[in-house]
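S.K.: Fold the following.
(one chain, ligands or ions: 2)
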Amino acid sequence: MELRRYKDIIAIKISPDSTGPENYVAYHSRNLEVAEVTPEAFLEMTPITLTTSDAPEIENLKDADAREQIESWNNDDNFQGRHGEIKFGIRAVTINVTQICNLKCHYCAAGGDGTYGDPVAKISIEKTLPQLKFFIDQLKENQKFTISFVGGEPLLYTEAVLSIYNYVLDLQKTKNFHPIFSLTTNATLITDRVRDILSQMKIHITVSLDGDEKTNDIARPSKDGTSSTKLTESGLEQLAKIHNDIGSFGISAVSTKENMNVVETYKYFKTFNPDWYEFNFSYIEKNQSAQTEYLKQMNQIAKMAYTDGGEVALRKIKSFDLYFKLLDDQQRIENHCGAGKSYLMIDARNQVYTCPWVVGEKDEIVGTGAVLNHQKLEKYQKPLIELNNCQTCWAKYLCGGGCMFIHRAHTGDKHTKDNLFCERTRGLILTTLMYYKLSRE
Ligand code: SF4
Ligand code: SF4
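M.R.: Ligands and ions are numbered 1, 2, ... in the order given. So this is what the prediction gives:
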């Protein structure tokens, strides 16, 4: 694949197969427009790579008409869509209902064992309910409010999930807002009781699983070192039985250089017929060739999905769905996530953070119970694309400045970008642009 850029426009030269003609898919990054350019216009642009963040020097004129075509599209300023500003106002929280886990995944960011260095078996419901009321009281009429349950393994304390759900539904009797519930689990503990609770909540469930037994056992053993895969598979079968009663369920895999098996995992996930799948590259993985292989395999599964079932099948893969949606909605994002602006994390001691992965770090606490430290939160209020210096990146309105946690894990600073992350994100966006063009033709 050959990639070129001219000011705010990038273009990809695609040779679909040996019989089809070459085509040139271009993306106007300010206007979120995808279109075709002529081969001559493509040649007026400057070659770049996935690691190039800045607009390159403009090359010498080769074809005046083609240059005028590309220059005129670049100068078009017809963005009618939505801008990505996020004003402070908490509309989503994640709650650690427990900080212990029955697995011990090698890449676990929660202190390596789900405890974040502080093994709290049960969150205090008495403290959590008024804390949630504090956030809900501040919602505007009709606003959505997302509550995500994680841990540790949240199904080690499912009764807390149910108590919180019942309480929030009670609050709805006096306040007009729309709660959305979600839960991330390893699905090894789905008993009949758990199934009943999940069904009545209409909850959206994410199951963490890296692939079939051979792949999953590499990094996701039980605490005692034995395989956890069969238990998760049986949990997925239980979830399939209540598929119509819950909000949705998806499966989320993490790839590292040890378990780079995206294509096989994609085929395996399809057998459970979930609503979506996600294939993440481990946030701590630093291996460049593993990432190159990951992007290659992500391209392969995109092709497999599109060949099998067109846009619908492709969009079951979460990252591609996100970019399709942003392009369709003409929605620029200026913040990769709402950390500290619209989103907060509550640990099992009711301390508040901006991100799930900084739980346990004293300097990162931005509140306790219903008291927020607005002075600390102030530094999160600028758009992330500005805080992270992404102004010259062509991918900025689909990426939103990237994940501060991944940046910090690689560079030591939340606002100093991780080059691997940028390359990976741009690679996935390019794949999406090619299929977006194909789908909308
Ligand atoms: S973090 Fe995202 S927006 Fe920022 S330079 Fe990297 S890819 Fe571009
Ligand atoms: S900084 Fe990264 S890990 Fe933290 S909330 Fe944002 S996207 Fe999630």
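S.K.: who in the stretch 201-350 of the chain is up against ligand 2?
M.R.: Applying C-beta under 6 Å from any ligand atom, we find that the stretch 201-350 of the chain lies next to ligand 2 at 336-337, 339. Just so you know, the C-beta spots here come from the backbone N, C-alpha and C atoms, and that holds for glycine as well.
S.K.: I'd like the residues you listed as TSV, with secondary structure and distance to Glu386 appended.
M.R.: Converted to TSV, those look like this (DSSP: H, G, I helix; E, B strand; the rest coil; distance: C-beta to C-beta, whole Å):
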residue	secondary structure	distance to Glu386
His336	coil	12
Cys337	coil	15
Ala339	strand	15
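S.K.: from the chain's centre, how far out does the one helix or strand Arg5 maps to sit?
M.R.: Here Arg5, judged by DSSP states H and E, is contained in strand 2-6. Chain-centre distance of strand 2-6: 26 Å, with C-alpha atoms, centre = their mean, to the nearest Å.
S.K.: again with stretch 32-50
M.R.: 28 Å.
S.K.: Hmm, Thr94 and Gly338 touching each other?
M.R.: No. Judged on C-beta atoms under 8 Å, Gly338 makes no contact with Thr94 at a distance of 11.2 Å.
S.K.: Can you tell me which of the residues of the stretch 201-350 of the chain next to ligand 2 lies closest to Ile190?
M.R.: Cys337 (28.6 Å; C-beta to C-beta).
S.K.: what's the burial count for that closest one?
M.R.: By other C-beta atoms under 10 Å, 20 other residues sit near Cys337.
S.K.: Against Gln99, how distant is it?
M.R.: Using C-beta to C-beta, to the nearest Å, Cys337 is found at 22 Å from Gln99.
S.K.: and if you look at Glu126?
M.R.: Distance from Glu126 to Gln99, by C-beta to C-beta: 17 Å.
S.K.: what does the stretch 1-150 of the chain have sitting close to ligand 1?
M.R.: Close to ligand 1, as judged by C-beta under 6 Å from any ligand atom, the stretch 1-150 of the chain has residues Ser53.
S.K.: Below-threshold pLDDT in the stretch 1-150 of the chain: ranges please.
M.R.: Residues of the stretch 1-150 of the chain meeting the criterion pLDDT under 70: 16-21.
S.K.: can you give me the helices in it?
M.R.: Using DSSP state H, counting those that start in this stretch, the helices assigned to the stretch 1-150 of the chain run over residues 39-43, 64-75, 125-137.
S.K.: before we move on, what about the stretch 301-441 of the chain?
M.R.: Going by DSSP H, counting those that start in this stretch, the stretch 301-441 of the chain shows helices at 318-329, 374-378, 384-387, 396-399, 404-411, 419-440.
S.K.: Of Glu126 and Gln99, which one has the most company?
M.R.: Gln99 (29 against 9).
S.K.: Now Leu189. Nearest residue, chain neighbours left out?
M.R.: Leu155 (4.3 Å; C-beta to C-beta, 6 or more residues apart in numbering).
S.K.: so what's the backbone phi/psi at the one you found?
M.R.: phi -80, psi 0 (degrees, to the nearest 10).
S.K.: Identify the neighbouring strands of the strand holding Arg5 in the sheet and state each direction.
M.R.: According to DSSP bridges, strand 2-6 forms sheet pairs with strand 9-14 (antiparallel), strand 46-47 (antiparallel).
S.K.: Tell me what angle that strand forms with helix 419-440.
M.R.: 90 degrees (axes from the mean of the first three to the mean of the last three C-alpha atoms, to 10 degrees).
S.K.: What are the buried residues along strand 2-6?
M.R.: 3-6 (16 or more other C-beta atoms under 10 Å).
S.K.: ok, now stretch 233-248?
M.R.: For stretch 233-248, by 16+ other C-beta under 10 Å, it's 233, 235-236, 238-239, 242, 246.
S.K.: same deal with stretch 83-92?
M.R.: Buried residues in stretch 83-92, counting neighbours by 16+ other C-beta under 10 Å, are found at 84, 86, 90-92.
S.K.: Kindly report the same for stretch 164-172.
M.R.: So for stretch 164-172, counting by 16+ other C-beta under 10 Å, buried means 164-165, 167-168, 171.
S.K.: ok, which stretches of the stretch 251-400 of the chain are strands?
M.R.: 276-281, 343-346, 351-353, 367-368, 371-372 (DSSP state E, counting those that start in this stretch).
S.K.: Adjacent strands (with direction) for the third one?
M.R.: What that stands for is strand 351-353. Here, using DSSP bridges, strand 351-353 pairs with strand 343-346 (antiparallel), strand 367-368 (antiparallel).
S.K.: Single out the most deeply packed of the ones you listed.
M.R.: Sort the strands paired with strand 351-353 by mean neighbour count, taking mean count of other C-beta atoms under 10 Å, and strand 343-346 sits at the top with a mean of 24.
S.K.: what's the domain layout of this protein?
M.R.: Following automatic domain parsing, one gets these domains for the chain: 2-80, 87-441.
S.K.: Check the helices of the stretch 301-441 of the chain for me and report the most buried one.
M.R.: Highest mean neighbour count among the helices of the stretch 301-441 of the chain (mean count of other C-beta under 10 Å): helix 396-399, a mean of 24.
S.K.: who touches it?
M.R.: Outside helix 396-399, the residues that touch it by C-beta atoms under 8 Å, 6 or more residues apart in numbering are 29-30, 32, 84, 323, 326-327, 332-334, 336, 385, 390, 393, 422, 425-426, 429.
S.K.: now do stretch 40-50
M.R.: 2-6, 9-11, 13, 24, 26, 56-59, 61-63, 65-67, 69-70, 422-423, 426-427, 430.
S.K.: how far does stretch 26-36 sit from the chain's center?
M.R.: With C-alpha atoms, centre = their mean, you get 22 Å for stretch 26-36.
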